[in-house]
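Asker: Predicted model follows, preceded by the sequence.
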Amino acid sequence: MRRGKKMYDIHIKCLYAITMDKEKRIFPKGSILIKDGIIEYIGKEVKAKAKKTIEGEKYIALPGLINCHTHVYQSLIEGIGYDMHFNPWNILFLLPLVSHIGPEHASASAEIAALEMIKSGTTAFSDHWYLHTDFSNIDKVAQVFYQSGLRNHSVFGFLNESFAGWKKNTDTEMVRSEKALMDAARSFIKNWHKKGRTIVALGPGSTEDVSRDFFKKIIVLAKEMDVSVVTHIAGWVEIVSTSLKKYKMRDLEYAHSLGFTGKNAIAIHCVWLNAEEMNIIANTETKVVHCPVANMHLGYGIAPISEMFFRGITVGLGTDGAASYTYDMFEIGKTAAMLGKVKNLDAEAITAEKVLEMLTIDGAKVLGMDSFTGSIEKGKRADIILVDLDNPHLMLGGKPVPKIVYSAKGNDVVTSIIDGKIIMENRKVLTMDEKSILVKAKRMQDDLIEKAGEKTKILLRTNWPTRGKASWRMN
(Lines give C-alpha, C1' and ligand atoms only; values in the text may rest on other atoms or scores of the structure.)
Protein backbone atom coordinates (compact mmCIF):
# COMPACT_ATOMS: atom_id res chain seq x y z
CA MET A 1 0.00 0.00 0.00
CA ARG A 2 1.31 3.45 -0.95
CA ARG A 3 0.51 6.64 1.00
CA GLY A 4 0.21 9.00 -1.97
CA LYS A 5 2.77 11.63 -2.95
CA LYS A 6 2.97 13.43 0.38
CA MET A 7 6.48 13.91 1.77
CA TYR A 8 6.78 12.90 5.43
CA ASP A 9 9.59 13.86 7.77
CA ILE A 10 10.20 10.38 9.17
CA HIS A 11 9.05 6.90 8.15
CA ILE A 12 9.70 4.20 10.75
CA LYS A 13 9.52 0.60 9.58
CA CYS A 14 9.63 -1.89 12.43
CA LEU A 15 9.25 -5.54 13.37
CA TYR A 16 6.50 -4.57 15.83
CA ALA A 17 4.73 -1.30 16.58
CA ILE A 18 3.22 -1.37 20.07
CA THR A 19 0.71 1.48 20.12
CA MET A 20 -0.62 1.53 23.73
CA ASP A 21 -3.81 3.08 22.33
CA LYS A 22 -7.24 2.24 23.81
CA GLU A 23 -7.39 -1.04 21.89
CA LYS A 24 -3.75 -1.82 22.76
CA ARG A 25 -3.09 -2.64 19.11
CA ILE A 26 0.21 -4.21 18.10
CA PHE A 27 1.21 -4.15 14.43
CA PRO A 28 3.69 -6.78 13.21
CA LYS A 29 5.80 -5.30 10.41
CA GLY A 30 4.40 -1.85 11.06
CA SER A 31 4.91 1.65 9.70
CA ILE A 32 4.80 4.98 11.50
CA LEU A 33 4.70 8.22 9.49
CA ILE A 34 5.62 11.52 11.13
CA LYS A 35 5.11 15.05 9.81
CA ASP A 36 5.74 18.32 11.68
CA GLY A 37 6.10 16.48 14.97
CA ILE A 38 2.74 14.71 14.60
CA ILE A 39 2.02 11.02 14.04
CA GLU A 40 0.03 10.90 10.80
CA TYR A 41 -0.10 7.15 10.30
CA ILE A 42 0.35 4.05 12.44
CA GLY A 43 -0.48 0.62 11.07
CA LYS A 44 0.66 -2.10 8.73
CA GLU A 45 3.80 -1.39 6.72
CA VAL A 46 3.24 0.98 3.81
CA LYS A 47 5.31 2.62 1.11
CA ALA A 48 5.74 6.34 1.57
CA LYS A 49 8.06 9.20 0.67
CA ALA A 50 10.00 10.55 3.62
CA LYS A 51 13.00 12.76 4.24
CA LYS A 52 14.30 10.01 6.53
CA THR A 53 13.38 6.33 6.57
CA ILE A 54 14.39 4.14 9.49
CA GLU A 55 14.71 0.51 8.43
CA GLY A 56 13.94 -1.22 11.72
CA GLU A 57 13.34 -4.82 10.69
CA LYS A 58 14.71 -5.98 14.06
CA TYR A 59 13.27 -3.12 16.12
CA ILE A 60 10.22 -2.77 18.34
CA ALA A 61 8.69 0.71 18.21
CA LEU A 62 6.83 1.81 21.32
CA PRO A 63 5.88 5.07 23.03
CA GLY A 64 8.71 6.75 24.89
CA LEU A 65 8.88 5.80 28.55
CA ILE A 66 7.64 8.23 31.20
CA ASN A 67 9.40 8.72 34.53
CA CYS A 68 6.72 10.20 36.78
CA HIS A 69 8.95 11.19 39.69
CA THR A 70 12.59 12.00 40.25
CA HIS A 71 14.92 14.43 42.00
CA VAL A 72 17.65 15.23 39.50
CA TYR A 73 19.61 17.29 42.03
CA GLN A 74 20.74 13.94 43.44
CA SER A 75 22.32 12.83 40.15
CA LEU A 76 25.77 13.99 41.20
CA ILE A 77 25.88 12.12 44.50
CA GLU A 78 25.16 8.47 43.72
CA GLY A 79 27.68 6.07 45.25
CA ILE A 80 28.32 8.14 48.38
CA GLY A 81 25.43 7.29 50.68
CA TYR A 82 23.79 3.88 50.46
CA ASP A 83 22.13 1.13 52.53
CA MET A 84 20.48 3.73 54.77
CA HIS A 85 16.95 4.22 56.03
CA PHE A 86 15.20 7.58 55.91
CA ASN A 87 16.79 9.47 58.82
CA PRO A 88 20.48 8.60 58.29
CA TRP A 89 19.95 9.00 54.53
CA ASN A 90 18.99 12.62 55.07
CA ILE A 91 21.27 13.56 57.98
CA LEU A 92 24.47 11.73 57.08
CA PHE A 93 24.23 11.70 53.30
CA LEU A 94 21.93 14.25 51.67
CA LEU A 95 22.09 17.36 53.84
CA PRO A 96 25.89 17.84 54.02
CA LEU A 97 26.14 17.59 50.22
CA VAL A 98 23.04 19.13 48.71
CA SER A 99 22.97 22.15 51.01
CA HIS A 100 25.93 23.42 48.95
CA ILE A 101 24.37 22.97 45.51
CA GLY A 102 24.49 26.15 43.44
CA PRO A 103 23.48 26.97 39.85
CA GLU A 104 26.51 25.28 38.27
CA HIS A 105 25.97 22.08 40.27
CA ALA A 106 22.27 22.19 39.40
CA SER A 107 23.05 22.48 35.70
CA ALA A 108 25.52 19.58 35.85
CA SER A 109 23.07 17.36 37.72
CA ALA A 110 20.38 18.02 35.12
CA GLU A 111 22.77 17.31 32.25
CA ILE A 112 23.91 13.96 33.61
CA ALA A 113 20.31 12.96 34.37
CA ALA A 114 19.11 14.02 30.92
CA LEU A 115 21.82 11.95 29.25
CA GLU A 116 20.91 8.81 31.17
CA MET A 117 17.20 9.29 30.58
CA ILE A 118 17.59 9.80 26.83
CA LYS A 119 19.99 6.87 26.48
CA SER A 120 17.62 4.52 28.33
CA GLY A 121 14.41 5.39 26.49
CA THR A 122 12.73 8.03 28.65
CA THR A 123 11.07 10.79 26.64
CA ALA A 124 9.08 12.56 29.39
CA PHE A 125 9.68 12.90 33.12
CA SER A 126 8.71 14.80 36.26
CA ASP A 127 11.43 16.40 38.37
CA HIS A 128 10.53 17.63 41.86
CA TRP A 129 13.00 20.47 42.56
CA TYR A 130 12.77 22.01 46.02
CA LEU A 131 16.48 22.70 46.45
CA HIS A 132 16.29 26.49 46.43
CA THR A 133 19.71 27.19 47.94
CA ASP A 134 19.69 29.64 45.03
CA PHE A 135 16.42 30.42 43.25
CA SER A 136 18.20 30.38 39.91
CA ASN A 137 18.93 26.64 40.36
CA ILE A 138 15.60 25.52 38.98
CA ASP A 139 15.86 27.88 36.01
CA LYS A 140 19.25 26.39 35.11
CA VAL A 141 17.73 22.91 35.31
CA ALA A 142 14.75 23.84 33.15
CA GLN A 143 17.08 25.33 30.54
CA VAL A 144 19.15 22.13 30.37
CA PHE A 145 16.07 20.00 29.81
CA TYR A 146 14.67 22.43 27.27
CA GLN A 147 17.88 22.16 25.23
CA SER A 148 18.10 18.38 25.64
CA GLY A 149 14.84 17.78 23.80
CA LEU A 150 13.16 15.93 26.68
CA ARG A 151 9.56 16.55 27.70
CA ASN A 152 9.75 18.10 31.18
CA HIS A 153 7.07 18.14 33.91
CA SER A 154 8.92 20.55 36.19
CA VAL A 155 7.70 20.59 39.79
CA PHE A 156 8.55 23.75 41.71
CA GLY A 157 9.04 22.45 45.24
CA PHE A 158 8.31 24.16 48.55
CA LEU A 159 10.01 23.79 51.95
CA ASN A 160 9.02 26.42 54.51
CA GLU A 161 9.33 24.42 57.75
CA SER A 162 11.80 21.61 57.22
CA PHE A 163 13.60 19.36 54.76
CA ALA A 164 12.22 15.82 55.15
CA GLY A 165 11.27 16.71 58.72
CA TRP A 166 14.62 18.26 59.61
CA LYS A 167 14.67 21.91 60.59
CA LYS A 168 16.74 24.51 58.82
CA ASN A 169 20.46 24.46 59.59
CA THR A 170 22.19 27.76 60.20
CA ASP A 171 24.60 27.12 57.32
CA THR A 172 22.00 26.27 54.67
CA GLU A 173 19.18 28.02 52.87
CA MET A 174 17.13 25.01 51.81
CA VAL A 175 14.11 26.13 53.83
CA ARG A 176 12.80 29.47 52.62
CA SER A 177 10.12 31.99 53.60
CA GLU A 178 6.58 31.77 52.24
CA LYS A 179 6.89 35.06 50.39
CA ALA A 180 10.21 34.20 48.76
CA LEU A 181 8.88 30.81 47.64
CA MET A 182 5.60 32.19 46.31
CA ASP A 183 7.30 34.99 44.40
CA ALA A 184 9.81 32.56 42.87
CA ALA A 185 7.07 30.06 42.00
CA ARG A 186 4.97 32.67 40.20
CA SER A 187 8.02 33.83 38.27
CA PHE A 188 8.95 30.25 37.33
CA ILE A 189 5.43 29.51 36.10
CA LYS A 190 5.41 32.71 34.05
CA ASN A 191 8.77 31.91 32.45
CA TRP A 192 8.42 28.18 31.87
CA HIS A 193 4.86 26.85 31.94
CA LYS A 194 3.95 25.55 28.47
CA LYS A 195 7.22 26.81 27.02
CA GLY A 196 8.03 24.26 24.36
CA ARG A 197 7.86 20.81 25.97
CA THR A 198 7.89 22.15 29.56
CA ILE A 199 4.90 21.96 31.90
CA VAL A 200 5.13 23.37 35.43
CA ALA A 201 3.52 21.92 38.57
CA LEU A 202 3.70 22.92 42.24
CA GLY A 203 5.07 20.58 44.89
CA PRO A 204 5.00 20.92 48.67
CA GLY A 205 7.83 18.68 49.90
CA SER A 206 5.55 16.74 52.23
CA THR A 207 2.99 17.42 54.94
CA GLU A 208 5.80 17.78 57.50
CA ASP A 209 7.92 20.11 55.35
CA VAL A 210 5.22 22.73 54.75
CA SER A 211 2.98 24.44 57.32
CA ARG A 212 -0.78 23.87 57.26
CA ASP A 213 -1.69 27.36 56.04
CA PHE A 214 1.08 27.45 53.44
CA PHE A 215 0.08 24.05 52.08
CA LYS A 216 -3.41 25.45 51.51
CA LYS A 217 -1.98 28.54 49.81
CA ILE A 218 0.03 26.36 47.42
CA ILE A 219 -3.12 24.46 46.46
CA VAL A 220 -4.93 27.76 45.85
CA LEU A 221 -2.06 28.98 43.65
CA ALA A 222 -2.09 25.70 41.69
CA LYS A 223 -5.80 26.13 40.97
CA GLU A 224 -5.30 29.79 40.07
CA MET A 225 -2.50 28.95 37.63
CA ASP A 226 -4.23 25.75 36.41
CA VAL A 227 -1.30 23.47 37.21
CA SER A 228 -1.02 20.17 39.07
CA VAL A 229 0.02 19.86 42.70
CA VAL A 230 2.47 17.12 43.68
CA THR A 231 3.61 15.89 47.09
CA HIS A 232 5.14 12.88 48.84
CA ILE A 233 2.45 10.91 50.66
CA ALA A 234 2.93 8.12 53.23
CA GLY A 235 6.26 7.13 51.75
CA TRP A 236 7.87 6.14 55.04
CA VAL A 237 6.10 4.74 58.11
CA GLU A 238 7.44 7.49 60.38
CA ILE A 239 5.50 10.23 58.59
CA VAL A 240 2.24 8.40 59.29
CA SER A 241 2.97 8.17 63.02
CA THR A 242 4.06 11.82 63.08
CA SER A 243 0.84 12.86 61.35
CA LEU A 244 -1.31 10.82 63.75
CA LYS A 245 0.44 12.36 66.74
CA LYS A 246 0.30 15.93 65.44
CA TYR A 247 -3.01 16.06 63.56
CA LYS A 248 -4.92 12.96 64.74
CA MET A 249 -5.05 11.95 61.07
CA ARG A 250 -2.95 9.71 58.85
CA ASP A 251 -0.76 11.40 56.24
CA LEU A 252 -3.13 11.08 53.26
CA GLU A 253 -6.14 11.92 55.43
CA TYR A 254 -4.43 15.11 56.58
CA ALA A 255 -3.42 16.12 53.04
CA HIS A 256 -7.01 15.43 51.93
CA SER A 257 -8.31 17.72 54.70
CA LEU A 258 -6.12 20.51 53.30
CA GLY A 259 -7.69 20.13 49.85
CA PHE A 260 -4.79 18.29 48.21
CA THR A 261 -6.66 15.44 46.51
CA GLY A 262 -8.35 15.66 43.10
CA LYS A 263 -7.91 15.13 39.37
CA ASN A 264 -4.89 17.45 39.28
CA ALA A 265 -3.20 15.98 42.36
CA ILE A 266 -0.26 13.57 42.21
CA ALA A 267 0.66 11.55 45.31
CA ILE A 268 4.19 10.12 45.36
CA HIS A 269 5.08 6.77 47.02
CA CYS A 270 1.82 5.96 48.91
CA VAL A 271 3.46 3.00 50.65
CA TRP A 272 1.64 3.21 53.99
CA LEU A 273 -1.99 3.64 52.95
CA ASN A 274 -4.93 1.85 54.48
CA ALA A 275 -8.11 0.85 52.63
CA GLU A 276 -9.95 4.04 53.58
CA GLU A 277 -7.15 6.22 52.24
CA MET A 278 -7.04 4.28 48.97
CA ASN A 279 -10.78 4.85 48.66
CA ILE A 280 -10.21 8.59 49.09
CA ILE A 281 -7.63 8.52 46.30
CA ALA A 282 -9.94 6.54 44.04
CA ASN A 283 -13.02 8.67 44.72
CA THR A 284 -11.15 11.94 44.12
CA GLU A 285 -9.33 10.61 41.02
CA THR A 286 -5.99 11.51 42.56
CA LYS A 287 -3.03 10.04 40.68
CA VAL A 288 -0.28 7.92 42.28
CA VAL A 289 3.40 7.39 41.46
CA HIS A 290 5.04 4.11 42.51
CA CYS A 291 8.84 4.19 43.05
CA PRO A 292 9.62 0.52 43.74
CA VAL A 293 13.42 0.55 43.51
CA ALA A 294 13.97 3.59 45.73
CA ASN A 295 11.40 2.31 48.23
CA MET A 296 13.22 -1.01 48.41
CA HIS A 297 16.66 0.56 48.77
CA LEU A 298 15.57 2.85 51.61
CA GLY A 299 13.57 0.10 53.31
CA TYR A 300 10.34 2.08 53.06
CA GLY A 301 8.07 -0.87 52.37
CA ILE A 302 5.97 -2.10 49.45
CA ALA A 303 3.16 0.08 48.11
CA PRO A 304 -0.22 -1.70 47.73
CA ILE A 305 -0.32 -1.17 43.98
CA SER A 306 -2.53 -4.17 43.14
CA GLU A 307 -5.15 -2.92 45.59
CA MET A 308 -5.00 0.48 43.89
CA PHE A 309 -5.56 -1.15 40.49
CA PHE A 310 -8.63 -2.91 41.92
CA ARG A 311 -10.02 0.51 42.87
CA GLY A 312 -9.33 1.99 39.43
CA ILE A 313 -6.54 4.31 40.59
CA THR A 314 -4.16 5.53 37.87
CA VAL A 315 -0.58 4.66 38.80
CA GLY A 316 2.62 5.74 37.07
CA LEU A 317 6.20 4.72 37.79
CA GLY A 318 9.16 6.77 38.95
CA THR A 319 12.84 6.39 39.74
CA ASP A 320 12.90 8.87 42.63
CA GLY A 321 16.40 10.20 43.35
CA ALA A 322 19.78 8.68 44.14
CA ALA A 323 18.22 5.84 46.15
CA SER A 324 17.27 4.01 42.96
CA TYR A 325 20.77 4.32 41.47
CA THR A 326 19.25 4.47 38.00
CA TYR A 327 17.17 6.42 35.50
CA ASP A 328 16.49 3.23 33.53
CA MET A 329 12.71 2.88 33.48
CA PHE A 330 12.96 -0.65 32.09
CA GLU A 331 14.56 -1.63 35.39
CA ILE A 332 11.87 0.21 37.35
CA GLY A 333 9.09 -1.50 35.39
CA LYS A 334 10.47 -5.01 35.82
CA THR A 335 11.03 -4.41 39.53
CA ALA A 336 7.45 -3.16 39.96
CA ALA A 337 6.14 -6.38 38.43
CA MET A 338 8.35 -8.69 40.47
CA LEU A 339 7.70 -6.82 43.72
CA GLY A 340 3.94 -6.95 43.16
CA LYS A 341 4.03 -10.68 42.49
CA VAL A 342 6.01 -11.53 45.62
CA LYS A 343 4.02 -9.17 47.87
CA ASN A 344 0.74 -10.77 46.82
CA LEU A 345 2.06 -14.32 46.35
CA ASP A 346 0.39 -14.09 42.97
CA ALA A 347 2.18 -14.20 39.61
CA GLU A 348 -0.73 -12.32 38.01
CA ALA A 349 -0.79 -9.48 40.55
CA ILE A 350 1.02 -7.14 38.16
CA THR A 351 1.29 -8.33 34.56
CA ALA A 352 3.78 -7.36 31.87
CA GLU A 353 0.97 -5.59 30.01
CA LYS A 354 0.05 -3.54 33.09
CA VAL A 355 3.67 -2.54 33.60
CA LEU A 356 3.91 -1.28 30.03
CA GLU A 357 0.74 0.75 30.60
CA MET A 358 2.29 2.33 33.70
CA LEU A 359 5.47 3.09 31.79
CA THR A 360 3.63 4.82 28.93
CA ILE A 361 -0.04 5.83 28.73
CA ASP A 362 -0.77 5.68 32.47
CA GLY A 363 2.36 7.71 33.16
CA ALA A 364 1.09 10.28 30.67
CA LYS A 365 -2.27 10.36 32.47
CA VAL A 366 -0.53 10.95 35.80
CA LEU A 367 1.36 13.95 34.40
CA GLY A 368 -1.63 15.31 32.47
CA MET A 369 0.04 14.62 29.11
CA ASP A 370 -2.14 11.82 27.74
CA SER A 371 -3.90 14.05 25.21
CA PHE A 372 -0.66 14.38 23.24
CA THR A 373 1.76 11.62 24.32
CA GLY A 374 1.94 8.21 26.00
CA SER A 375 0.74 6.22 22.99
CA ILE A 376 1.44 5.96 19.27
CA GLU A 377 -1.77 7.31 17.75
CA LYS A 378 -2.67 9.45 14.79
CA GLY A 379 -2.72 13.09 15.85
CA LYS A 380 -0.48 12.72 18.89
CA ARG A 381 3.02 14.14 19.18
CA ALA A 382 5.68 11.70 18.01
CA ASP A 383 7.41 10.51 21.19
CA ILE A 384 8.72 7.12 20.11
CA ILE A 385 11.62 4.84 20.99
CA LEU A 386 13.08 1.92 19.06
CA VAL A 387 14.33 -1.17 20.90
CA ASP A 388 16.79 -3.48 19.15
CA LEU A 389 15.77 -7.14 19.50
CA ASP A 390 18.95 -8.39 17.86
CA ASN A 391 20.56 -9.22 21.20
CA PRO A 392 21.12 -12.52 23.04
CA HIS A 393 18.86 -11.54 25.96
CA LEU A 394 16.02 -10.47 23.64
CA MET A 395 16.42 -12.67 20.56
CA LEU A 396 13.92 -12.42 17.73
CA GLY A 397 10.69 -14.37 18.24
CA GLY A 398 8.14 -14.72 21.04
CA LYS A 399 5.62 -12.14 22.25
CA PRO A 400 6.96 -8.59 22.28
CA VAL A 401 5.43 -7.20 25.49
CA PRO A 402 6.98 -9.62 28.03
CA LYS A 403 10.30 -9.25 26.22
CA ILE A 404 10.15 -5.49 26.63
CA VAL A 405 9.14 -5.65 30.30
CA TYR A 406 11.17 -8.59 31.57
CA SER A 407 14.23 -8.71 29.31
CA ALA A 408 14.88 -5.28 27.78
CA LYS A 409 17.32 -2.81 29.30
CA GLY A 410 17.83 0.86 28.74
CA ASN A 411 20.86 0.30 26.54
CA ASP A 412 18.74 -1.74 24.12
CA VAL A 413 17.17 1.54 22.97
CA VAL A 414 18.86 2.57 19.73
CA THR A 415 16.79 5.57 18.66
CA SER A 416 14.68 8.12 20.52
CA ILE A 417 12.27 10.54 18.86
CA ILE A 418 10.68 13.33 20.90
CA ASP A 419 8.18 15.78 19.46
CA GLY A 420 9.00 14.41 16.02
CA LYS A 421 12.73 15.15 16.32
CA ILE A 422 15.42 12.48 16.47
CA ILE A 423 17.14 13.06 19.81
CA MET A 424 19.23 9.89 19.81
CA GLU A 425 20.24 7.86 16.76
CA ASN A 426 22.19 4.60 16.81
CA ARG A 427 22.72 5.14 20.55
CA LYS A 428 24.35 8.56 20.05
CA VAL A 429 22.63 11.50 21.74
CA LEU A 430 22.43 14.32 19.20
CA THR A 431 21.37 17.18 21.46
CA MET A 432 24.12 16.98 24.11
CA ASP A 433 27.92 16.69 24.26
CA GLU A 434 28.31 13.57 26.37
CA LYS A 435 32.07 13.76 26.95
CA SER A 436 32.10 17.34 28.19
CA ILE A 437 29.06 16.68 30.39
CA LEU A 438 30.79 13.75 32.11
CA VAL A 439 33.90 15.84 32.76
CA LYS A 440 31.85 18.70 34.20
CA ALA A 441 29.75 16.36 36.35
CA LYS A 442 32.84 14.83 37.96
CA ARG A 443 34.26 18.29 38.66
CA MET A 444 31.00 19.41 40.26
CA GLN A 445 30.78 16.22 42.32
CA ASP A 446 34.32 16.72 43.64
CA ASP A 447 33.45 20.30 44.53
CA LEU A 448 30.38 19.22 46.53
CA ILE A 449 32.36 16.57 48.40
CA GLU A 450 35.02 19.13 49.32
CA LYS A 451 32.40 21.62 50.53
CA ALA A 452 30.49 18.96 52.47
CA GLY A 453 33.58 18.26 54.56
CA GLU A 454 34.46 15.46 56.95
CA LYS A 455 30.97 13.93 57.30
CA THR A 456 30.91 13.06 53.63
CA LYS A 457 34.55 12.00 53.49
CA ILE A 458 33.77 9.47 56.23
CA LEU A 459 31.13 7.93 53.97
CA LEU A 460 33.72 7.59 51.22
CA ARG A 461 36.18 5.58 53.32
CA THR A 462 36.59 2.06 52.03
CA ASN A 463 35.57 0.12 55.15
CA TRP A 464 34.06 -3.23 54.22
CA PRO A 465 30.86 -3.97 56.19
CA THR A 466 31.03 -6.79 58.72
CA ARG A 467 28.38 -8.82 60.54
CA GLY A 468 25.73 -7.47 58.19
CA LYS A 469 26.31 -3.87 59.24
CA ALA A 470 26.51 -1.16 56.58
CA SER A 471 29.88 0.58 56.32
CA TRP A 472 28.58 3.93 57.57
CA ARG A 473 27.64 2.32 60.90
CA MET A 474 31.26 1.28 61.47
CA ASN A 475 32.60 4.84 61.66
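Answerer: Perfect, thanks for sending it. Residues are numbered from 1 along each chain as shown.

Asker: Point to the helix or strand of the protein where mean pLDDT is at its lowest.
Answerer: strand 166-167 (a mean of 64; mean pLDDT, DSSP states H and E).

Asker: Show me where the stretch 251-400 of the chain has its strands.
Answerer: For the stretch 251-400 of the chain, the strands defined by DSSP state E, counting those that start in this stretch cover 265-269, 287-290, 315-317, 384-388.

Asker: how does this structure divide into domains?
Answerer: Using automatic domain parsing, the domains assigned to the chain come out as 2-63+379-429, 65-366.

Asker: ranking the ones you listed by burial, who's on top?
Answerer: Of all the domains of the chain, domain 65-366 has the most neighbours on average by mean count of other C-beta atoms under 10 Å, namely a mean of 21. No exception for glycine: its C-beta is placed from N, CA and C like everyone else's.

Asker: who touches the closest residue in space to residue 147 that isn't next to it in sequence in this structure?
Answerer: In this structure, residue 147 finds its nearest non-sequential neighbour in residue 431, 6.7 Å apart by C-beta to C-beta, 6 or more residues apart in numbering. By C-beta atoms under 8 Å, 6 or more residues apart in numbering, the contact list for residue 431 reads 118, 147, 148, 149, 423.

Asker: Same question for residue 460.
Answerer: With C-beta under 8 Å, 6+ apart, residue 460 has these contacts: 80, 449.

Asker: Tell me the spacing between it and residue 96.
Answerer: Residue 460 sits 12 Å away from residue 96, going by C-beta to C-beta, to the nearest Å.

Asker: ok, now residue 379?
Answerer: As for residue 379, its distance to residue 96 is 50 Å (criterion: C-beta to C-beta).

Asker: swap in residue 77?
Answerer: Separation of residue 77 from residue 96 (C-beta to C-beta) stands at 10 Å.

Asker: Then residue 87?
Answerer: Applying C-beta to C-beta to residue 87 and residue 96 gives a distance of 14 Å.

Asker: What of residue 336?
Answerer: As defined by C-beta to C-beta, residue 336 lies at a distance of 32 Å from residue 96.

Asker: and what of residue 71?
Answerer: 16 Å.

Asker: Can you give me the buried ones in the longest helix anywhere in the chain?
Answerer: Identified as the longest helix of the chain according to DSSP state H is helix 434-452. Using 16 or more other C-beta atoms under 10 Å as the test for burial, helix 434-452 gives 437, 440, 441, 444, 445, 447, 448, 449, 452.

Asker: Surely residue 277 and residue 250 touch.
Answerer: Yes. At 6.3 Å, residue 277 and residue 250 qualify as touching, with contact defined as C-beta atoms under 8 Å.

Asker: Need the residues touching each of those two.
Answerer: Residues touching both residue 277 and residue 250 (C-beta under 8 Å, 6+ apart) are residue 234.

Asker: Residue 113 - that's part of a helix, no?
Answerer: Yes. Assessed by DSSP: H, G, I helix; E, B strand; the rest coil, residue 113 belongs to a helix.

Asker: where are the low-confidence patches of the stretch 151-300 of the chain?
Answerer: 164-173 (pLDDT under 70).

Asker: average model confidence for stretch 389-397?
Answerer: In this model, stretch 389-397 has a mean pLDDT of 89.

Asker: quick one: contacts for the closest residue to residue 387 other than its chain neighbours?
Answerer: Excluding the flanking residues, the one nearest residue 387 by C-beta to C-beta, 6+ apart is residue 60, at 4.6 Å. For residue 60, the contact set (C-beta under 8 Å, 6+ apart) comprises 14, 15, 16, 17, 18, 386, 387, 389, 400, 403, 404.

Asker: Let me know the secondary structure of residue 232.
Answerer: Three-state assignment for residue 232 (three-state DSSP): strand.

Asker: Go ahead and confirm it touches residue 210.
Answerer: No. Counting by C-beta under 8 Å, residue 232 does not reach residue 210; the two are 10.8 Å apart.

Asker: So which residues of the stretch 301-450 of the chain form helices?
Answerer: 305-310, 329-344, 352-359, 361-366, 400-402, 434-452 (DSSP state H, counting those that start in this stretch).

Asker: between those helices, which gets nearest to residue 26?
Answerer: Proximity to residue 26 (C-beta to C-beta) singles out helix 400-402 among the helices of the stretch 301-450 of the chain, at 6.6 Å.

Asker: Can you pull out the residues in contact with that closest one?
Answerer: Contacts to helix 400-402, defined as C-beta under 8 Å, 6+ apart, come from residues 16, 18, 26, 60, 352, 353, 356.

Asker: closest to residue 200 among the residues you listed?
Answerer: Nearest to residue 200 among the contacts of helix 400-402, with distances taken as C-beta to C-beta, is residue 356, at 27.9 Å.

Asker: which ones are touching the closest one?
Answerer: Residue 356 sits next to 18, 20, 62, 333, 401, 404, 405 when contact means C-beta under 8 Å, 6+ apart.

Asker: Now do the same contact list for the third one.
Answerer: What it means is residue 62. Going by C-beta under 8 Å, 6+ apart, residue 62 touches 17, 18, 20, 356, 360, 376, 384, 385, 387, 404.

Asker: tell me which element it is part of?
Answerer: Using DSSP states H and E, residue 62 sits in strand 47-63.

Asker: Name the strands paired with that strand and say parallel or antiparallel.
Answerer: strand 2-18 (parallel), strand 384-388 (antiparallel) (DSSP bridges).

Asker: mean pLDDT for the ones you listed: which is lowest?
Answerer: For the strands paired with strand 47-63, mean pLDDT drops lowest on strand 2-18, to a mean of 91.

Asker: Measure how far that one is from the centre of its chain, please.
Answerer: 30 Å (C-alpha atoms, centre = their mean, to the nearest Å).

Asker: Stretch 96-107 now?
Answerer: 20 Å.

Asker: Name the residues that touch that stretch?
Answerer: By C-beta under 8 Å, 6+ apart, the list of residues contacting stretch 96-107 reads 73-74, 76-77, 80, 109, 131, 133-134, 136-138, 140-141, 143-144, 169, 171-174, 444, 447-449, 451-453, 455-456.

Asker: let's see it at 7 Å
Answerer: By C-beta atoms under 7 Å, 6 or more residues apart in numbering, the surrounding residues in contact with stretch 96-107 are 73, 76-77, 131, 133-134, 136-137, 140-141, 144, 169, 171-172, 174, 444, 448, 451-453, 455-456.
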